[in-house]
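1. What follows is a predicted protein model with its sequence.
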Amino acid sequence: MPGVLTSYKKQNGTLSVSKDNRSVIWTPSFSSGSTSAVSVLVSQITNLQQTPATSARVSIKIVAQAPSSTEPETHVFSFTSTDARTDQVNITAIIRNAVEIAKNESSRAVAGAAAPPVNAGGQPAAMAIAHAISTTPRNDEFWYDDSKLLSDVVLQRSLLDANPSIQQRFNESLKDKPESISIIQFSNQFWSTRIHLLRAHAVERAQHQGTYNVLSEIKIKSDSDGQAKINLSREQIQLIFNQHPLVKRVYNENVPPLDEVQFWVRFFKSRLFRKLKGEKNLDEYETDAKLDKYLDYDENADHPGNLQESHVPHFIDLEGNEQDYSQRYTKPDITMRPGNNEKPEPILKVLNSMSEKLIAAVASSDSDPHDPVGMDENAFNEIQLRDLQSRNTDNRVPLDIKNQSLFFSRQKEDTISTQAKMYSKQSPHKVLNSLRKDIDPELATSDGKGGLKLDAAIGVHEDSDSDDEEPGGKRRRRVGSTTSRNSAILQLLRGVKQRRAQGDDFSSFSGTFPPIEPTVLGLSPSIYDNLNLTNNTTIEFLHYFWSVFLSGDPDRANEIPKLVETLNKSLDRIKAVSDQAEAERNERIEAYKRQHAEKQQRSGKKFKLDISNIKGGAAVVNKTIAPTMDSIGEATEKFKKVFEAQRALQPQ
Amino acid sequence: MALTELPQLQMGFRDIQTANTGFLPAPPPSLLTVVLDTNPHAWELLSSTTGLTLSNVVANLLVFINAHLAFNHVNQVAFIASHVKRAVFLYPTPPKPTPNTNTTANGSAPNGTDTINGTMGDSNKYRPFARIEHEILTNLRALISSTTTSTLRSTTTTMMAGALTTALAYSAKQSVLLSPLADPISAGQDATADYNDGAPASRRGPPLTSRIMVVSVSGDLAHQYISVMNAIFAAQRQKIPIDILKLAGDTVFLQQACDATGGVYVEPEVAEGLLQYLMMAFLPDATARRYLVMPGGGEVDFRAACFCHRKVVDVGFVCSVCLSIFCQPLSDGVCLTCNSRLSLAGAITPAPALFPRKKKKKKRIAGDGTSGASTPMQGVTPGPS
């Protein structure tokens, strides 16, 4: 930004804020020995003062404290231009903004690093800045910082684009949010419950594809004329050169005489190409005078520092164990022979060395690159022969469990249930007497020999239809009567149907309920989706409501009534869906009735009109959404209660 | 399949068949353990509200047991009364604690058999049925007559945890008796391998499929929460389903027992149709249930009881070390069960503030301190469609 004319220590100069907003700089207009340029770091500014607007003299005072010094430094700049007041207002606004930004950054960094909370600027902020700068390069930690994820709008947008269901949810909720809640507040709330998704997405985005074995990827296709055709991209050529330095050398030595296309055509036909790919070279293959001379050239000879090979642990080194392995009667398998595998199966060696190269090009993610090369501790532990060692000492942490019944018995009285209260009203003597009478061996159902006449005792009379009519005229169900057994059958069949409606019980984890198909409910897919959507947004607002309600933050108090309003609106939305479903069901019933009438007309017979088979409608919707409705009820109820209680305490 | 063409080879190949495909020539023996809640308080209440009395239920259960035994001659039965203060075996009759008493495989004491020989001459009854009926009734009468009014006055709850534990122990014992382990040294390993359907099962006889059926009439099990839950987890591990027939009472945990062990939970609307419920819902054993859709599928109350007051809680606080549940944050931050010192900063939610702060005047409204803790549990978010 352009500087403004000021004087500092009676020297004229220009005061400006650096481009990155990190420091306030004052430079003298003409250099003199007495005063040099002044630079104050914005992050170190602890106080900013200006002369009152009415005062004739216009100046600002900047108080800054460097982390190293204990005494704050004070700089006073007087504005000297003709329009001093405007200059002053402008520059103060800019400095204030810069300080604001610096503070935000530091507090964010503090939140990530779990440092003590920042006071209003000053030393902790400056240290936090230093901290933030030192941690940013460590990328992996960066991903796990919640506040960073929450503030990364680009990342959030990209996740929304990648995940349509979240996007839908986000958009729907955004559409229905109360006016008073800003988009930023809303999206913060939305993402705060989905930080894990953001993190996963961030990690996913940070991944990129490594290199691949390029020669095996290049396929020679022949077109309709029988001409061999190869598509070769620039990147592929680059990869070939990187992976096979030999090809690069051959190219360098031969391309000036040959042109590029010629070179590649000859290369892909040559024995060299086959060798590099790991194929066997048969005698009948055509020879190439120029390229064949490189055949015997060992590609790896130029690079003796092949890291992996020098660090094969003896444990798996075939050659290293050769001398200790004398009792051998049969030749080992081809892959288990030490030494040169080139003769029988060149592909083994080619693939191995290729893989080594590829791996070497990728920085290992699971180990510190500064660790010593070779075997690390984990690998060492893994190949150790453990069964010969003595057992480890038990390192479990003992739990000091107290006998719980000791400290509960005293509170027994106040937790007595309604049932227990009813029991306690009964006289134990009477209770015992009636029970003894009940199982008395002299009863009518007893067979007199200590057993029971079971057929009589269970009260099942197959031949009686209306056996509920007791002689006394009192209609009371008798144990084992036909009607009671029939209602039992109905109840059980209902239970069986319900279990079946929930699908194959074995497909879901125990303790969970399998999802209910819309067809079972009798709702059309569009209404089902609508219901799903309404439920999603409602749950979103319930989340929002509880997090604000339970925050106890008076500054957010204004949001709560609006959210309650939104929840009430959600009820309207649910109502709308159920009305829609009801209308749909009525339509279907009408259609069925018409069909029924037609059928009757056509056949001339009477059929029973049974509309109970037509499922769906408001009842099903309300049943499905009942838990959500309960939650809304709970939330608004709680709000009302606390609201009333607090209004009473509120000063008029 | 080659077996149908060469039936004579079937016997020789049976072992291989069993090991490879799990195909069994006959249904495996099934042990039914009936746990009957005999809390006199509850029965008095139940018989005054419905027509159902203890003798009715016992008679129906006897028919049910007979049906179970008639299915397969190797099927077994045990009958345990969950009485006040104790759980008692009604069948098989526990052996008298005299040194020369010897029990048969199914545990019936010789003196019980004697009585039957003496008094039971009913030619209309299948003898094994009659024997079980006689033993159960005799023991039940003895149990009721030995109950004193002072016992009833002191407690109103039933010993369900004890009965479940006894039933589990009996099931384990019977399954070992039926298919003894090859050598006692490998017993420990074998037992664990068996849970995972490990190979050792093949060299033993067909395994015993056990189930426990609880006829529950009294509620108020919160005081036995921990022991009941432990029994449930043991049953779950042993793959023993716990079926519940709830005639009365309000027991949250028994429903969880069903759900966790894959048992059947039935709460009859018409208790008088008891026999129908028994026969339709509870008769199939674990083997048959694999091919049937069992009734149920209703809502399960998954709430737990807190360890401090034995209250059933909607929202509670869980010790991060020993998983004890508490209904309110611990005052001193020390877990009552394991003495671990817990940091409770996150557990205490601030009181909601519904009015913005006035300028300068700090206004923190006390509100109701507990309200913060109840986030509704029903709000289940369905996954994105």
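-> Okay, I see it.
2. Not counting its neighbours along the chain, what's nearest the residue nearest to the spatial centre of chain A?
-> Taking C-alpha atoms, centre = their mean as the criterion, A:Leu197 is the residue nearest the geometric centre of chain A, at 2.4 Å. Of all residues not flanking A:Leu197 in the chain, A:Leu159 sits nearest, at 6.4 Å (C-beta to C-beta, 6 or more residues apart in numbering or on different chains). All C-beta atoms are positioned from the backbone trio N, CA, C, and that covers glycine.
3. name the helices or strands packed onto the helix or strand hosting that neighbour?
-> Element membership of A:Leu159, judged by DSSP states H and E, is helix A:153-162. Applying 3 or more C-beta pairs under 8 Å, 6 or more residues apart in numbering or on different chains; DSSP states H and E, we find helix A:153-162 packed against helix A:164-176, helix A:195-206.
4. The same query, at a cut-off of 10 Å, please.
-> Counting contacts by 3 or more C-beta pairs under 10 Å, 6 or more residues apart in numbering or on different chains; DSSP states H and E, helix A:153-162 packs against helix A:146-151, helix A:164-176, helix A:183-192, helix A:195-206.
5. can you pull out the helices in the stretch 451-600 of chain A?
-> Using DSSP state H, counting those that start in this stretch, the helices found in the stretch 451-600 of chain A span residues A:454-457, A:482-501, A:518-521, A:525-549, A:559-603.
6. looking at those, which one has the lowest mean pLDDT?
-> Sorting the helices of the stretch 451-600 of chain A by mean pLDDT places helix A:518-521 lowest, at a mean of 67.
7. before we move on, the earlier item: wait, the residue nearest to A:Leu197 touches A:His196, no?
-> No. Taking contacts as C-beta atoms under 10 Å, A:Leu159 lies outside contact range of A:His196: 11.3 Å.
8. Domain ranges for the chain, per the record?
-> Let's take chain A. As assigned by automatic domain parsing, chain A contains the domains A:4-113, A:138-206, A:214-323+A:333-361, A:417-499, A:518-649.
9. was after chain B, sorry
-> When chain B is parsed with automatic domain parsing, its domains come out as B:11-302, B:304-355.
10. and B:Asn60, helix, strand or coil?
-> Assigned state for B:Asn60: helix (three-state reduction, DSSP: H, G, I helix; E, B strand; the rest coil).
11. shaky segments in the stretch 251-385 of chain B?
-> Residue ranges of the stretch 251-385 of chain B with pLDDT under 70: B:251, B:297-298, B:346-349, B:357-385.
12. Do you have the helices of it handy? List them.
-> Under DSSP H, counting those that start in this stretch, the stretch 251-385 of chain B gives helices at B:252-261, B:274-277, B:286-289.
13. which one of these is the most hemmed in?
-> Neighbour counts (mean count of other C-beta atoms under 10 Å in any protein chain shown) averaged over each of the helices of the stretch 251-385 of chain B peak at helix B:274-277, with a mean of 26.
14. Can you tell me which helices and strands that one packs against?
-> helix A:482-501, helix B:54-71.
15. if you count what's nearby, which of A:Leu159 and A:His196 comes out ahead?
-> Between A:Leu159 and A:His196, counted using other C-beta atoms under 10 Å in any protein chain shown, the more crowded position is A:Leu159 (23 against 10).
16. Can you mark which positions in stretch A:586-603 are buried?
-> Neighbour counts over stretch A:586-603 (16 or more other C-beta atoms under 10 Å in any protein chain shown) mark A:Arg588 as buried.
17. what separates that stretch from the chain centre, distance-wise?
-> 52 Å (C-alpha atoms, centre = their mean, to the nearest Å).
18. still on that earlier bit, could you double-check that the residue nearest to the centre of chain A sits in contact with A:Ile166?
-> Yes. If you go by C-beta under 10 Å, A:Leu197 and A:Ile166 touch, sitting 7.1 Å apart.
19. any residues in contact with both of the two?
-> A:156, A:159 (C-beta atoms under 10 Å, 6 or more residues apart in numbering or on different chains).
20. Quote the end-to-end distance of stretch A:379-395.
-> 23 Å (C-alpha to C-alpha, to the nearest Å).
21. Overlap in contacts, A:Leu159 and A:His196.
-> Counting by C-beta under 10 Å, 6+ apart, the residues touching both A:Leu159 and A:His196 are A:Leu149.
22. that's a strand at A:Asn12, yeah?
-> Yes. Assigned with three-state DSSP, A:Asn12 falls within a strand.
23. The closest residue to it other than its chain neighbours and chain B, how far apart?
-> Once flanking residues are discounted, A:Asn12 sits nearest to A:Ser29: 4.8 Å by C-beta to C-beta, 6+ apart. From A:Ser29 across to chain B, the span is 46 Å (C-beta to the nearest C-beta, to the nearest Å).
24. which residues does A:Ser29 contact?
-> By C-beta under 10 Å, 6+ apart, the neighbours of A:Ser29 are A:3, A:5-7, A:11-14.
25. Return the members of those classed as buried.
-> A:3, A:5-7, A:11, A:13-14.
26. helices or strands next to whichever strand or helix holds A:Leu276 in the packing?
-> Secondary-structure assignment from DSSP H and E places A:Leu276 in helix A:271-277. In this structure, helix A:271-277 packs against helix A:214-217, helix A:234-243, helix A:245-254, helix A:260-269, helix A:346-361, with contacts taken as 3+ C-beta pairs under 10 Å, 6+ apart.
27. mean confidence score for the last one?
-> Going back to what we said before, that points to helix A:346-361. pLDDT averaged over helix A:346-361 gives 76.
28. export it as PDB, just CAs?
-> Extracted in PDB, the C-alpha atoms of helix A:346-361 (Å, rounded to 0.1, in the frame of the first residue of the first chain):
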ATOM      1  CA  PRO A 346      14.700 -63.200 -16.800                       C
ATOM      2  CA  ILE A 347      11.400 -61.800 -15.800                       C
ATOM      3  CA  LEU A 348      12.000 -62.600 -12.100                       C
ATOM      4  CA  LYS A 349      15.000 -60.400 -12.000                       C
ATOM      5  CA  VAL A 350      13.500 -57.700 -14.100                       C
ATOM      6  CA  LEU A 351      10.400 -57.500 -12.000                       C
ATOM      7  CA  ASN A 352      12.400 -57.500  -8.800                       C
ATOM      8  CA  SER A 353      14.700 -54.700  -9.800                       C
ATOM      9  CA  MET A 354      11.800 -52.800 -11.300                       C
ATOM     10  CA  SER A 355       9.900 -53.000  -8.000                       C
ATOM     11  CA  GLU A 356      12.900 -52.000  -6.100                       C
ATOM     12  CA  LYS A 357      13.300 -48.900  -8.200                       C
ATOM     13  CA  LEU A 358       9.700 -48.000  -7.900                       C
ATOM     14  CA  ILE A 359       9.700 -48.400  -4.200                       C
ATOM     15  CA  ALA A 360      12.900 -46.500  -3.800                       C
ATOM     16  CA  ALA A 361      11.300 -43.600  -5.700                       C
END
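29. Many thanks, have a good one.
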